[in-house]
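Trainee: Just a sequence and a predicted model for now, questions to come.
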Amino acid sequence: MDEADVQQRARSFIAPLDLRNIRDDLSVYLNAANAILRKEEMEVGESGTTLTRPDGKHIITVNSCEPSERQRYTICHESAHVILGLSSSHDGVPSWSYVKRHPNEIACDWFAAELLMPYKQWLAAVPKEEPSVAVIKFMASEFGCSYPAAASRYATLSALPCAFVTMECGTVRYAARSTALRRVKAWISPRMPIPQGSVAYRLRTDGQSQIDTDIVAQDIWFQEWESGLDLNEICRHYQSSDTTTSLLWFEEEILPKYEFDRFGRRVEEDEDLAELTGDLPWPGKRRRR
């Protein structure tokens, strides 16, 4: 099940639901998933669990010690396990981490983003201005979610060439890309070190939690792209978890234009044609038998 499949399943699930009060009340999802919610104190790093009773009712329990936006995300994530029929596979990995996460958990994260920040409501609410820290914080407040969740959703649904990169312990773990970047096969390699020259590299090296923005060379982030172009980087570093996030974007008119064949390989431009002399290159000395 890839991201597109999960997205389609999520949007089909929410299509008949009344989402007018989704900012304050997620019970519409719980009811549709035949689930009830409980809140209780849980261990640090544990966000939620789901149990199914003999009568088929699902009990979703979230950690009452975590911030409200984390609890809301967990409700959507655990609902995804129920709706997609995927078992939980946490294996001691923190819910916010991408390191060694099971595919079931990643799929449920994708599904949760669609529930927590429904795309139609998102597109209606997002400010029509350049990306900024203020814009991301506004959208996080509008949908009751964390800054990283809002930034990732912003990149995914943006009309601009935009990407959101999650890094842990100095290594890229995941990159969400807008449609414009996916069309030109713009790629940020997972598991690569945070590139030197990026705002993310500078903030992590400083060793303290902070936010900053700057203009950087795009070829330090995107693999196999031409140099000489600039992009904007909005970075936030969380020192306590050694997690870094960057929102990368630039104007659409400077997006490199590439053509790809049906196998997804980039078609290189032909070299300059030889000057015409009037002499035809055929027939040659070889003859067909």
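Mentor: Ah, there it is.
Trainee: that's a strand at residue 165, yeah?
Mentor: Yes. Under DSSP: H, G, I helix; E, B strand; the rest coil, residue 165 falls within a strand.
Trainee: what's near enough to touch it?
Mentor: For residue 165, the contact set (Cβ atoms under 8 Å, 6 or more residues apart in numbering) comprises 172, 174-175, 188, 200, 221, 245-246, 248. Every C-beta, even on glycine, is put in place using the N, C-alpha and C of the backbone.
Trainee: Could you export these to TSV, including columns for pLDDT?
Mentor: Output for the contacts of residue 165, formatted as TSV (pLDDT from 0 to 100):
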residue	pLDDT
172	95
174	89
175	92
188	91
200	98
221	92
245	96
246	97
248	96
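Trainee: Need those residues in TSV (columns: neighbour count and secondary structure).
Mentor: Converted to TSV, the contacts of residue 165 look like this (neighbours: other Cβ atoms under 10 Å; DSSP: H, G, I helix; E, B strand; the rest coil):
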residue	neighbour count	secondary structure
172	22	strand
174	17	strand
175	22	strand
188	20	coil
200	25	helix
221	26	coil
245	21	strand
246	28	strand
248	29	strand
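Trainee: Residue 14: which of those is nearest?
Mentor: Set against residue 14, the nearest of the contacts of residue 165 by Cβ to Cβ is residue 174 (23.5 Å).
Trainee: how much space between that closest one and residue 137?
Mentor: 21 Å (Cβ to Cβ, to the nearest Å).
Trainee: And for residue 33?
Mentor: As judged by Cβ to Cβ, residue 33 and residue 137 stand 30 Å apart.
Trainee: Looking only at neighbour counts, state which of those two leads.
Mentor: Neighbours were tallied for residue 33 and for residue 137 using other Cβ atoms under 10 Å; the higher tally belongs to residue 33 (20 against 14).
Trainee: List the contacts of the more buried one.
Mentor: 58, 79, 82-83.
Trainee: of these, closest to residue 109?
Mentor: residue 79 (12.2 Å).
Trainee: contacting residues for residue 149?
Mentor: Residue 149 makes contact with 69, 73, 113, 116-117, 140 under the criterion Cβ under 8 Å, 6+ apart.
Trainee: Which parts of the stretch 101-250 of the chain are helices?
Mentor: 103-116, 119-125, 133-143, 147-157, 179-183, 199-206 (DSSP state H, counting those that start in this stretch).
Trainee: If you average pLDDT over each of those helices, which is lowest?
Mentor: Ranked by mean pLDDT, those bottom out at helix 179-183, with a mean of 89.
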